[in-house]
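Q: Give me coordinates for this.
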Amino acid sequence: MPTRRIPISCLIAAALLAVAPVAQAQLAGHGGPVRSIAISADGKNVLSGSFDTAAIRWSLAGGSAEQVLRFHADAVNAVAFLGDGRMATAGADAKIALWTSGRQQPDEVLEGHTAPIVALAVAPDGATLASAAWDGTARLWPLRGGASRVLEGHAQNVNGVAFTPDGKSLVSVGYDLTVRIWPVADGPPDIVTLPAPLNAVAVAPDGEIVTGGADGKVRFLAPGAKEAGEAQAGTTPIIALAISPDGARVAAAGIGGTVNLIDRKTRSLISALVGPGLPVWSVAFMPDGATLLTGGADATIRRWNAQTGNPVGSPQQGAVGDPLAAYAGDHGAEVFRACVACHTLSEKDGPRAGPTLAGLFGRKIASLPDYRFSEALRNMNIVWTPETVSQLFEVGPNAYTPGTKMPEQRIGSPEDRKALTDFLSRATAK
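A: Numbers count the residues shown, from 1 in each chain. Take a look at the predicted model:
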């Protein structure tokens, strides 16, 4: 396995939500990256969750925010429309909130996970909600009463869940390289081990399982858990997947900012959707399959023609500039690029999902004013220097700063770590 991992998300929420004017083609209003999106069955509404700790229910016809859902204490990593017209949101606070449109507080809060929840799925009959979390488990939650079922077995974070079309099985994927196919009724799962950590999963109408890996590959498993092909969808990790309603196309969104459309029958690339160049965290097809929606690090939901890959409206509307444009050709800046979704380099840009790094070197860990750090970090005596930052990425955040919410990621190359710390010395100096 590679020693350097790019995070799926940074889970410390930073910004308060402020709804801004929106354009007809794009939906802009979140105060941070759009981590998740879901589309209602009738195609009239979109539900989005963000690193800003809020969810928004949008009207697609009017291009406006109809309801802002504020409950979670951390990033909203997953959202879903339920079969009865209600909504579900799940967050880095390990909680699931169930909502009714128009109500300001959740109808119910589901608790049991002990780490960030990063994915939700609704059973075809609408009776069961599934969740995936970084506590190494998936869960099945009966929506009409009853206790949840804990699905244990993954050795690392569980990153995605999806039901099979008949609703009899739940598919889960995780960092431990495994696809697990669980009988919903009861019993142990079928297990398939793939070559790379898995960040996302979707199931086609005919039951074929599609996975997105940290190696940029989309892999296909036929019903019966047999490998049935793969497609290279870029060189950076895939972090979100969607399958068109007719099952013909797969949309694979990556940390590098491109969404690749793949012909599922031929396993070949059809076209690439190119936006502002920032990570795309979420993707969903409209019910008619003609339009694709994406949510990204620029806090904007964009619409795309799913046939041609062309943007609906201006592709740059609401976009932010590349924060590393001034450092073109700087190797340290390229090493840092995996971090720009969560951290800024200057005080004027403020925090994102993580604190700003302005004035980083010489600062004690968790001492930045007006930012909510965990108690575990506040009790540490680390002072950030080129040496301590290098050690952080050499051994990984979990080992160097136990209790952090920062996703596990390491940089194995001493040269890359040196380039990163040299870059930070220049770019974060006040």
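Q: residues of stretch 201-211 that come out buried?
A: Buried residues in stretch 201-211, counted by 16 or more other C-beta atoms under 10 Å: 201-204, 208-211. The way it works is simple: take the backbone N, C-alpha and C, and place the C-beta from them, glycine included.
Q: Stretch 262-282 now?
A: Under 16+ other C-beta under 10 Å, the buried positions of stretch 262-282 are 262, 264, 267, 269-271, 273, 275-282.
Q: Over to stretch 223-230?
A: 223, 225, 230.
Q: Contact partners for Asp330?
A: Neighbouring residues of Asp330 by C-beta atoms under 8 Å, 6 or more residues apart in numbering: 324, 423.
Q: And it, how close does it get to Thr356?
A: Asp330 sits 19 Å away from Thr356, going by C-beta to C-beta, to the nearest Å.
Q: what does Glu230 give?
A: 39 Å.
Q: which of the buried residues of stretch 201-211 lies closest to Ala242?
A: The nearest member of the buried residues of stretch 201-211 to Ala242, counting by C-beta to C-beta, is Ala202 at 6.2 Å.
Q: Helix or strand for the closest one, just tell me which one.
A: Ala202 belongs to strand 198-203 when elements are defined using DSSP states H and E.
Q: which residues are contacting the helix or strand following that strand?
A: Toward the C-terminus, strand 198-203 is succeeded by strand 209-213 as the next helix or strand (DSSP H and E). Here strand 209-213 makes contact (C-beta under 8 Å, 6+ apart) with 160, 162, 171, 173, 179, 181, 194-204, 218-223, 225, 233, 237-241, 243, 250, 252, 264.
Q: Buried subset of the residues you listed, written for ChimeraX?
A: Here is the ChimeraX command that selects the buried residues among these (16+ other C-beta under 10 Å):
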select :160,162,171,173,179,181,194,196,197,198,199,200,201,202,203,204,218,219,220,221,223,225,233,237,238,239,240,241,243,250,252,264
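Q: The stretch 251-400 of the chain: strands as residue ranges?
A: Using DSSP state E, counting those that start in this stretch, the strands assigned to the stretch 251-400 of the chain run over residues 258-263, 268-274, 280-285, 291-296, 300-305.
Q: Going by mean pLDDT, which of these comes out lowest?
A: Across the strands of the stretch 251-400 of the chain, strand 268-274 has the smallest mean pLDDT, namely a mean of 88.
Q: Remind me what that one packs against, helices and strands.
A: On a contact count with 3 or more C-beta pairs under 8 Å, 6 or more residues apart in numbering; DSSP states H and E, strand 268-274 meets strand 258-263.
Q: Could you please name the strands the strand it packs on pairs with and the direction of each pair?
A: When pairs are called by DSSP bridges, strand 258-263 turns out to pair with strand 249-254 (antiparallel), strand 268-274 (antiparallel).
Q: With distance to Asp125 as extra columns, can I get those strands in JSON lines?
A: Converted to JSON lines, these look like this (distance: least, C-beta to C-beta, whole Å):
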{"stretch": "strand 249-254", "distance to Asp125": "25"}
{"stretch": "strand 268-274", "distance to Asp125": "32"}
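Q: Just tell me which of the ones you listed ends up closest to Leu420.
A: With C-beta to C-beta as the yardstick, what comes closest out of the strands paired with strand 258-263 is strand 249-254 (21.3 Å).
Q: Contacts for the closest one, please.
A: Outside strand 249-254, the residues that reach it (C-beta under 8 Å, 6+ apart) are 202, 210, 212, 216, 218, 231, 233-234, 236-244, 259-264, 270, 273, 279-283, 285, 289, 292, 294, 306.
Q: what is the rounded mean pLDDT of that strand?
A: pLDDT averaged over strand 249-254 gives 94.
Q: what about it, distance to the chain center?
A: From the chain centre to the centre of strand 249-254 is a distance of 13 Å (C-alpha atoms, centre = their mean, to the nearest Å).
Q: circling back: out of the strands of the stretch 251-400 of the chain, flag the one nearest Gly313.
A: strand 300-305 (6.8 Å).
Q: In the closest one, which residues are buried?
A: Quick answer for strand 300-305 (16+ other C-beta under 10 Å): 300-304.
Q: can you map out the helices along the stretch 51-200 of the chain?
A: Applying DSSP state H, counting those that start in this stretch to the stretch 51-200 of the chain gives no helices.
Q: pretty sure Leu360 is in contact with Thr428, am I right?
A: Yes: look at Leu360 against Thr428 with C-beta atoms under 8 Å: they come within range, at 4.6 Å.
Q: remind me which residues of this structure are low pLDDT?
A: For the chain, applying pLDDT under 70 flags the ranges 1-25, 314-322, 338, 341-342, 350-354, 370, 372, 405-408, 430.
Q: what's the longest helix in it?
A: Secondary structure of the chain per DSSP state H: the longest helix is helix 414-427.
Q: Of all the strands of the stretch 251-400 of the chain, which one comes closest to Phe373?
A: strand 280-285 (23.3 Å).
Q: want to throw the buried residues of strand 300-305 into JSON lines with distance to Ala78?
A: Shown next, in JSON lines, are the buried residues of strand 300-305 (distance: C-beta to C-beta, whole Å):
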{"residue": "Thr300", "distance to Ala78": "19"}
{"residue": "Ile301", "distance to Ala78": "15"}
{"residue": "Arg302", "distance to Ala78": "20"}
{"residue": "Arg303", "distance to Ala78": "21"}
{"residue": "Trp304", "distance to Ala78": "22"}
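Q: I'd like to know which of these is nearest to Glu387.
A: Checking the buried residues of strand 300-305 one by one against Glu387 (C-beta to C-beta), the nearest turns out to be Thr300, at 38.3 Å.
Q: roughly how far apart are the closest one and Trp58?
A: Applying C-beta to C-beta, the value for Thr300 to Trp58 is 12 Å.
Q: Return every residue with contacts to both of these two.
A: Residues touching both Thr300 and Trp58 (C-beta under 8 Å, 6+ apart): Leu27.
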